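# Fold the following.
(chains A and B)
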Protein chains: 2
Amino acid sequence: MSEWATEKTEDFMEVRYRNDGTLFSGKSEFQKVEVVQTRWHGKMLLNDDLVMLTEADEFVYHDMITHVPLFTHPDPKKVLVIGGGDGGTAREVLRHENVEKVVMVEIDKMVVDACLEHIPVTSDVLKGHPKLELIIGDGVKFVNETKEKFDVIIVDSTDPIGPAQPLFGPDFYRDVFSCLSENGIVVSQGESPWYNVPIQKSMMKVLGDQFPFVRMYQFGNLTYPGGAWCFTYASKGLDPIKDFDTKRVEESNMKFRYYTKDLHSASFALPQFLLDNVEEFFRG
Amino acid sequence: MSEWATEKTEDFMEVRYRNDGTLFSGKSEFQKVEVVQTRWHGKMLLNDDLVMLTEADEFVYHDMITHVPLFTHPDPKKVLVIGGGDGGTAREVLRHENVEKVVMVEIDKMVVDACLEHIPVTSDVLKGHPKLELIIGDGVKFVNETKEKFDVIIVDSTDPIGPAQPLFGPDFYRDVFSCLSENGIVVSQGESPWYNVPIQKSMMKVLGDQFPFVRMYQFGNLTYPGGAWCFTYASKGLDPIKDFDTKRVEESNMKFRYYTKDLHSASFALPQFLLDNVEEFFRG
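Predicted coordinates for the structure are as follows:
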């Protein structure tokens, strides 16, 4: 057991979390998977030495990747989650009463199993839910082959290295577009506005070539390097501000720890340096 | 020369920046002061081993501590900056054409001198500006003794350890209130919503006991631990959203790297967990 769980950003920065015990460590055919007991942040999942989530702040990411598209869409009935093996995104999607079916396609069974054993706060839902179909498989292949249509697709992926790489490309998003229903929305993990500018530009270009409406939104992630983090938002037309009816949030009676109806719209107000990087790819 | 410049958060976390050369290291009567050449973030100022600023992201903090109050106030003519020894806040204040006089009171001459020598991007303005009066002295004493009135006071302080401790207390803010003109606004460095909750509550209580209008706003700071960071906002009545005239930003013709008129209002939309901590102290 190492004294620290360490995430390196290239050769110039390291964030080290005190490791009070490694609960799981394995190597799947896709990546290294670890669950560590940190001193302050609760249990932490790392894939290939990158922090995926901690118990202390997982609600931030899961609130913002889920509730922004699900409250923008007026009646999301079918939702597809690509990745998200920890279960947190599926958990939040399934809190929406309109939702009738969630398909979740996670490529790495080891992530699901490690979370089921050690991080129940996100993964309990994966034990079984009447509205959830959990597929261990390749999300790229799934969207290429399925005949189903979804109202919202959430791409809850790791960085574009290892198994997630094709999830950042144009072929994948062409298939995503085809799988979306008439008012469909796709939201994807959108990386750091500081350290991943080329990836952000590339994602936004891919989306802008495919979708009539494209934006980016930001949130403050405690345990991703640099804190500020983004999701991409693309749709067949629905505008996350103009088409967002705050009454849907109020009438849901749902409680959140991060998301609020004010923060929903506010998260699309981007800093100027980020606009300078990605605004040219905005559509609609 | 150490291989890393390291900021520790208690005993549970460390953020380490590759140190390609220590440019300055001294011990003043108040604190340890260092300037380090990092590999990615440019030059970095550390006081007592806490990152104060880096060349890469100083514009975030300085935009948000300055332009939010200076564009909320309809005609800020006199501005007081407490702390801010690197000069970045004074630099941004002096870009506002309405401003006729800035008094800056920094307690630690060593911070000013180290920045003047090594971080000109923030400190050049401190070499001399016709509208700037730079006082090396105690800000607490200054607000207690001055007969001047200010339209905006900016408390650009370090954490409430060492020299900055009295800047977080009720006596200081009673004097700040007295120094503010009729429509006065005070904005203060407001700590981390994750790691400094007791300080945030204490600051908000102190402000709420003194000011008729109190809020908090957030921004994404690259190099403060956890990224998400806050400023407190208190005024004799001016509301940073309702009394904010976006035309003043447009007509200023000023360019920013972080601040935008949309982000101005959006930054007051706080995550639910932060509202749960501080909303009880909101006033007005």
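
# switch to C-alpha atoms for all contacts and neighbour counts from now on
Fine.

# Check which element follows the strand ranked longest in chain A along the chain.
Counting residues, the longest strand found in chain A (DSSP state E) is strand A:13-27. Tracing the chain past strand A:13-27, the next element assigned as helix or strand by DSSP states H and E is strand A:32-38.

# Next, the buried residues of that following strand.
Applying a neighbour-count criterion of 16 or more other Cα atoms under 10 Å in any protein chain shown, one finds A:32-38 buried in strand A:32-38.

# what's the spacing between residue A:246 and chain B?
14 Å (Cα to the nearest Cα, to the nearest Å).

# Let me see the contact set for that residue.
residue A:261 (Cα atoms under 8 Å, 6 or more residues apart in numbering or on different chains).

# and if you look at residue A:3?
A:18-20.

# so which of those comes closest to residue A:278?
residue A:18 (35.9 Å; Cα to Cα).

# now the closest one: how far from residue A:211?
43 Å (Cα to Cα, to the nearest Å).

# Would you confirm that residue A:186 belongs to a strand?
Yes - under DSSP: H, G, I helix; E, B strand; the rest coil, residue A:186 falls within a strand.

# List the residues that contact it.
Each residue near residue A:186 by Cα under 8 Å, 6+ apart is listed here: A:69, A:152-155, A:176, A:233-235.

# Mind picking the two most distant members of those?
Farthest-apart pair in the contacts of residue A:186 is A:69 and A:176; separation 15.0 Å (Cα to Cα).

# Who has more neighbours out of the two?
residue A:69 (28 against 24; other Cα atoms under 10 Å in any protein chain shown).

# my guess is that one contacts residue A:185, does it?
Yes - look at residue A:69 against residue A:185 with Cα atoms under 8 Å: they come within range, at 6.6 Å.

# anything in contact with each of those two?
In contact with both residue A:69 and residue A:185: residue A:152, using Cα under 8 Å, 6+ apart.

# How is chain A divided into domains?
For chain A, automatic domain parsing gives the domain ranges A:4-54, A:58-281.

# list the contacts for the nearest residue to residue A:142 once chain neighbours are set aside?
Using Cα to Cα, 6 or more residues apart in numbering or on different chains and skipping residues adjacent in sequence, the residue nearest residue A:142 is residue A:105, 7.7 Å away. Residue A:105 is in contact with A:80-83, A:134-139, A:142, counting by Cα under 8 Å, 6+ apart.

# do that again at 7 Å, thanks
Residue A:105 makes contacts with A:81-83, A:134-139, as judged by Cα atoms under 7 Å, 6 or more residues apart in numbering or on different chains.

# just residue A:145 next, same as before
Here residue A:145 is in contact with no residues (criterion: Cα under 7 Å, 6+ apart).

# Please report phi then psi for it.
Its backbone dihedrals place residue A:145 at phi -110, psi -30, with angles given as degrees, to the nearest 10.

# Could you measure from it over to chain B?
39 Å.

# and if you look at residue A:238?
For residue A:238 relative to chain B (Cα to the nearest Cα), the value is 21 Å.

# Repeat that for residue A:157.
Residue A:157 is 21 Å from chain B, where distance means Cα to the nearest Cα.

# what number of residues lie near residue A:215?
Neighbour count of residue A:215, defined by other Cα under 10 Å: 22.

# where does it land in three-state SS?
Counting by three-state DSSP, the backbone at residue A:215 sits in strand.

# Residue in chain A with the shortest distance to chain B?
residue A:227 (3.7 Å; Cα to the nearest Cα).

# tally of neighbours for that residue?
Per other Cα under 10 Å, the neighbour tally for residue A:227 reads 24.

# where exactly do the strands run in the stretch 101-250 of chain A?
With strands called from DSSP state E, counting those that start in this stretch, the stretch 101-250 of chain A shows them at A:101-106, A:132-136, A:150-156, A:180-189, A:213-220, A:228-235.

# The longest one relative to strand A:228-235, how many degrees between them?
Read that as strand A:180-189. Angle between the axes of strand A:180-189 and strand A:228-235 is 170 degrees (criterion: axes from the mean of the first three to the mean of the last three Cα atoms, to 10 degrees).

# Show me what counts as buried in strand A:180-189.
Using 16+ other Cα under 10 Å as the burial criterion, the residues of strand A:180-189 that qualify are A:180-181, A:183-189.

# quick check: mean pLDDT across that strand?
Taken as a whole, strand A:180-189 has an average pLDDT of 97.

# How about the first one?
In this model, strand A:101-106 carries a mean pLDDT of 98.

# Give me the sheet partners of it and which way each runs.
With DSSP bridges as the test, strand A:101-106 is paired with strand A:78-83 (parallel), strand A:132-136 (parallel).

# Convert the shortest one to CSV, retaining C-alpha atoms only.
Once non-C-alpha atoms are left out, strand A:132-136 reads as follows in CSV (Å, rounded to 0.1, in the frame of the first residue of the first chain):
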residue,chain,number,x,y,z
LEU,A,132,-32.5,-0.3,-16.0
GLU,A,133,-30.8,-2.6,-18.6
LEU,A,134,-27.1,-2.9,-17.8
ILE,A,135,-25.0,-4.1,-20.7
ILE,A,136,-21.3,-5.0,-20.3
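
# what comes up buried for that strand?
Buried-residue list, strand A:132-136, by 16+ other Cα under 10 Å: A:132, A:134, A:136.

# which ones are touching residue A:170?
residue A:206.

# ok, now residue A:154?
Contacts of residue A:154 (Cα under 7 Å, 6+ apart): A:80-82, A:186-188.

# For residue A:77, give its distance to residue B:190.
When residue A:77 is compared with residue B:190 (using Cα to Cα), they lie 42 Å apart.

# Show me which of the two is the more surrounded one.
Applying other Cα under 10 Å to residue A:77 and residue B:190 shows that residue B:190 carries more neighbours, namely 27 against 17.
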